[in-house]
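K.L.:
here is the input, now give the coordinates:
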Amino acid sequence: EVIPRTLAQNCGVSVIRVLTALRAKHAAAYDEAQDKTGSDDSKQAAFCSWGINGTTGELVDMKELGIWEPFAVKAQTIKTAIESACMILRIDDIVSG
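P.N.:
Model prediction:
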């Protein structure tokens, strides 16, 4: 929820209204997927590509804008965070050693 809130604040739109509308879009997509599959499998039913346009602050389908969050980006972010933490611990060990 931090990313949509930050995008809404930076766009100058009403944060509460936009986040509420976004939650409603996600809930509607979840309900629609459950109706289609007939199951409560949240992994299957929870996919929703609605998000906030960072320029206009409007709710848009991210598939139409061509915006994706691939696994490779998440994996690289985690690797970089681990490497940074290890480096900080090494420096701390040298300084306090």
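
K.L.:
mind listing the residues bridging to Gly51?
P.N.:
Val60 (DSSP bridges).

K.L.:
tell me how many other residues crowd it.
P.N.:
Applying other C-beta atoms under 10 Å, we find 20 residues neighbouring Gly51. Glycine gets a C-beta too; all of them are placed from N, C-alpha and C.

K.L.:
could you list the low-pLDDT ranges of this protein?
P.N.:
38-46, 97 (pLDDT under 70).

K.L.:
could you export stretch 76-90 as PDB, CA atoms only?
P.N.:
Only the C-alpha atoms of stretch 76-90 are listed here, as PDB (Å, rounded to 0.1, in the frame of the first residue of the first chain):
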ATOM      1  CA  GLN A  76      17.700  -8.400  -8.000                       C
ATOM      2  CA  THR A  77      16.300  -6.100  -5.300                       C
ATOM      3  CA  ILE A  78      16.600  -8.800  -2.700                       C
ATOM      4  CA  LYS A  79      20.100  -9.800  -3.800                       C
ATOM      5  CA  THR A  80      21.200  -6.100  -3.700                       C
ATOM      6  CA  ALA A  81      19.800  -5.700  -0.200                       C
ATOM      7  CA  ILE A  82      21.600  -8.800   1.000                       C
ATOM      8  CA  GLU A  83      24.900  -7.700  -0.500                       C
ATOM      9  CA  SER A  84      24.500  -4.200   1.100                       C
ATOM     10  CA  ALA A  85      23.800  -5.700   4.500                       C
ATOM     11  CA  CYS A  86      26.800  -8.000   4.300                       C
ATOM     12  CA  MET A  87      29.000  -5.000   3.300                       C
ATOM     13  CA  ILE A  88      27.800  -2.900   6.200                       C
ATOM     14  CA  LEU A  89      28.400  -5.800   8.600                       C
ATOM     15  CA  ARG A  90      32.000  -6.200   7.300                       C
END
